[in-house]
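S.K.: Sequence plus predicted model, see below.
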Amino acid sequence: MKPYFIYNGINSRDMGISILKLPPRIKPERRGEIINVPGRNGFLFESDDAYNNKTLEIECTFLPPEGKSKEEIDKMIMEILVWLDGQGKLVFSDYPDYYYEATIINAIPIERLFKRYRRFIVAFEVQPFSKSMSPQIVDLSTSSEQIISVSTYYETPVKINLQSTGNIEIHINDTIMHLNNLESPIVIDGELLNVSDGNGTNMNSHMVGDYPKLKPGNNTISVICEEPSTFTSMQIEYRSLWL
């Protein structure tokens, strides 16, 4: 099967685009600073444990279906230009279970689409890691310590739906979140770094601590809840991360 990509839910094959070559998988660059210390061999590397975005280029050819009139081909080209714009989810045929959060950054030379060979490059600026299409869900209804096995290649942020009142602590591995004066269900979004209630109202002032991440393999989770506070349940959602 010939390679293809899907952007914002539209398959390149349905747009008359043939892929000459899919981009290679590239490990993102770790963000940090190289420090040379006088009198010391080598260097130090200071990092905030984050990664930079990366650019993936796809070489394409537009192959309009046979029998199309010039007006119909021109219309298809304009539809391609509208489609290949802005931000969206990007999926490659060689790894259909993962997607990138992508933005198209390059200018597509329109005149190439009207010429005989119709070759052009689409450059996607993508977030460091691709994400699994389907999230994993872990439901917890007890505050006692539990160990869950996480299928991911890199540390992944979590989204927590919490049913609790009062003051509680959530421990995930070495990270502790203190949540205070809770009166209703809340959502802790570790990717957006935001806490809100069920109506989307900002509740960041009710949290102290760092947003946790799950690591590959076993992760330890527990909740500390003292009376009169209550803990009912917690749902943890995450996506596997890959290159």
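M.R.: Arrived safely.

S.K.: per-domain residue ranges of the chain.
M.R.: As given by automatic domain parsing, the domain ranges for the chain are 5-131, 134-242.

S.K.: Quick one: distance of the longest one to the chain centre.
M.R.: So the one you mean is domain 5-131. Centre-to-centre, domain 5-131 and its host chain are 15 Å apart (CA atoms, centre = their mean, to the nearest Å).

S.K.: average model confidence for it?
M.R.: What domain 5-131 shows for mean pLDDT is 86.

S.K.: re the thing from before, can I get the domains of the chain in JSON lines with mean neighbour count?
M.R.: Every residue, glycine included, has its C-beta placed from N, CA and C. Conversion of the domains of the chain to JSON lines gives the following (neighbours: other CB atoms under 10 Å):
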{"stretch": "domain 5-131", "mean neighbour count": "14"}
{"stretch": "domain 134-242", "mean neighbour count": "16"}
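
S.K.: what's the single longest helix in this structure?
M.R.: Taking DSSP state H as the criterion, the chain has its longest helix at helix 70-83.

S.K.: Output the helix or strand just after that helix in PDB, but only the C-alpha positions, please.
M.R.: Next helix or strand after helix 70-83 toward the C-terminus (DSSP states H and E): strand 87-92. This file holds the C-alpha atoms of strand 87-92, laid out as PDB (Å, rounded to 0.1, in the frame of the first residue of the first chain):
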ATOM      1  CA  GLN A  87      -3.300  23.500  13.000                       C
ATOM      2  CA  GLY A  88      -4.600  20.000  13.500                       C
ATOM      3  CA  LYS A  89      -3.900  16.300  14.100                       C
ATOM      4  CA  LEU A  90      -1.400  14.600  11.800                       C
ATOM      5  CA  VAL A  91      -1.300  10.800  11.300                       C
ATOM      6  CA  PHE A  92       1.100   8.900   9.100                       C
END
